[in-house]
Each structure stands twice: as C-alpha cells, then as structure tokens.
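J.: here's a sequence, model it:
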Amino acid sequence: QVQLVESGGGLVQAGGSLRLSCAASGRTFNRYYMGWFRQTPGKEREFVANINWSRDSVDYAQSVKGRFTISRDNAKNTVYLQMNSLTAEDTPVYYCAADRFFTYNAKQIDYWGQGTQVTVSS
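T.: Down below sits the predicted model:
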C-alpha cells in the first residue's frame, strides 16, 4: 500500500518559517515527481511546488516563488518544503503529492498524503 505521510505543520507567526516533510512508503518514487499542493476550505486544491526525481527540475506557484524551497532525498523517499516569510495567505492545509508526470492539476495526481495544517498568525 502506498502512503505519503506529511509532518511539520503547525502554528507560526507572520514572517516566520516552517519546514514540511513528506515521507513516502510502499514503493520507490525515484521516477516520480513529488510536490505540494494546498487547499483552503471551500476552494480548489492549488499547486504550490514540485520537483522531479533527478532534482534538476523544480517549479513553483508564483505566489510562493522566492519564499518557498522544495527539495527531495531519494534515498529516504522524502520531499521537503521550506517555507519562509510566511503570511496569512499561506495558512491552508498542505498536501504532499506524487505523480509520474508533471502536472498543475490536482485531479490528475496519482498519490496524496493526508494533509498537514499550517496556520500563520498575524
């Protein structure tokens, strides 16, 4: 059974930082894109960032460019999201994602984690 398990969410003050982790198990994700989406209640899940298996291709949503950094450790089947300069707009639930192909479309993602809440207080 494939599992993606996120950790690292929590409460942080505006301007602060958090680091999310996502550990994958059940199969090897070395050939998969891994990434992050986020979702606010009542809204669609939106793309945040992703990274390919060789780590030479990364992409970010415009809203997080320059503030968030995605990385992965293939030996550990783990992807990370370093989030800096957080604002109230960064508050949604963050979901880890794994997919064989690059996509911005949440409906096409192969695997999801259960989500981790990030709350930014002003």
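
J.: from now on I want contacts and neighbour counts done on CA atoms only, so please keep to that.
T.: Will do.

J.: so where is the protein shaky, pLDDT-wise?
T.: Across the chain, no stretch falls below the confidence threshold (pLDDT under 70).

J.: element containing the residue positioned nearest the centre of it?
T.: With distances taken as C-alpha atoms, centre = their mean, residue 36 lies nearest the centre of the chain, 2.3 Å away. Assessed by DSSP states H and E, residue 36 sits inside strand 33-39.

J.: residues contacting that strand, please?
T.: 45-53, 70, 79, 81, 92-102, 106 (C-alpha atoms under 8 Å, 6 or more residues apart in numbering).

J.: now do the contacts for the closest residue to residue 122 other than its chain neighbours.
T.: Spatially, and ignoring its direct neighbours in sequence, residue 122 is nearest to residue 14 (5.2 Å; C-alpha to C-alpha, 6 or more residues apart in numbering). Going by C-alpha under 8 Å, 6+ apart, residue 14 touches 85-88, 120-122.

J.: now do stretch 54-62: distance from first to last residue.
T.: End-to-end distance for stretch 54-62, by C-alpha to C-alpha, to the nearest Å: 23 Å.

J.: from here on, count from 561
T.: Sure, I'll start numbering at 561, so the last one becomes stretch 614-622.

J.: what residues sit buried inside it?
T.: Neighbour counts using 16 or more other C-alpha atoms under 10 Å place 618-620 of stretch 614-622 among the buried residues.
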